[in-house]
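> Below is the sequence, then the predicted model.
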Amino acid sequence: MEFTANGAAWWGKKMNEVDFSIRTFAFPQDFEAVLELWRNAGEGIHLGQSDTYDEIAKKLARDPQLTLVAEKKGRIVGAVMGGFDGRRGLVYHLATHPSQRRRGIAGALMDELEKRFREIGCRRVYLLVTPENTTAQRFYEKRGWQRMEILTYAKNLE
């Protein structure tokens, strides 16, 4: 069964089983709750210099519609951040509160984010998963993401 709520499609859920909504991240109101969610998400999310208040504000000034939260009874239970450089998209920090996992929240966040990427003309999106995070690897592969055998390099400019 498929239906749409808040612009995102969820498969296999009956209408009364979906008790959360997806909306655009509101800055600065949502910042602390989302940062706390990311901090407690487990091994898959690595916060760094780019996750401070000022850096998130800078990122949101560029493409605010690509950072989303899932809300349940007024509480943030999931979040994802997307970025678009005009050519390619990148997904950052998909997380669901541990008590709310396996309820379709992460899938709904990704559905909505992918929809928004398409709406702005993004044709290809990337994301990074650590080798030990096999749960995330399975999640993305079931959703049609393909693993790429590439080397990733990084350099701090400060």
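In hand now; what should we look at?

> What are the contacting residues of stretch 66-80?
19-25, 30, 33-34, 37-38, 59-60, 81-84, 89, 91-97, 99-100, 105-106, 108-110, 112-113, 116-117 (CB atoms under 8 Å, 6 or more residues apart in numbering). Any C-beta I mention is one placed from the backbone N, CA and C, and that applies to glycine too.

> Give me the distance from that stretch to the chain's centre.
10 Å (CA atoms, centre = their mean, to the nearest Å).

> before we move on, the earlier item: put the buried members of the contacts of stretch 66-80 into a PyMOL selection.
Here is the PyMOL selection string for the buried members of the contacts of stretch 66-80, based on 16 or more other CB atoms under 10 Å:
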select buried, resi 20+22+25+30+33+34+37+38+59+60+81+82+83+84+89+91+92+93+94+95+96+97+100+105+106+108+109+110+112+113+116+117
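
> Among the contacts of stretch 66-80, name the ones in strands.
21-24, 81-84, 89, 91-96 (DSSP state E).

> D51: which of those residues is nearest?
H93 (7.8 Å; CB to CB).

> For the closest one, give its distance to G78.
Going from H93 to G78 by CB to CB, to the nearest Å gives 11 Å.

> wait, F25 sits on A57?
No: if you go by CB atoms under 8 Å, F25 and A57 don't touch, sitting 11.3 Å apart.

> separation between the residue positioned nearest the centre of the chain and N156?
Against the mean C-alpha coordinate of the chain, by CA atoms, centre = their mean, the closest residue is V80 at 2.0 Å. Counting by CB to CB, the separation of V80 from N156 is 24 Å.
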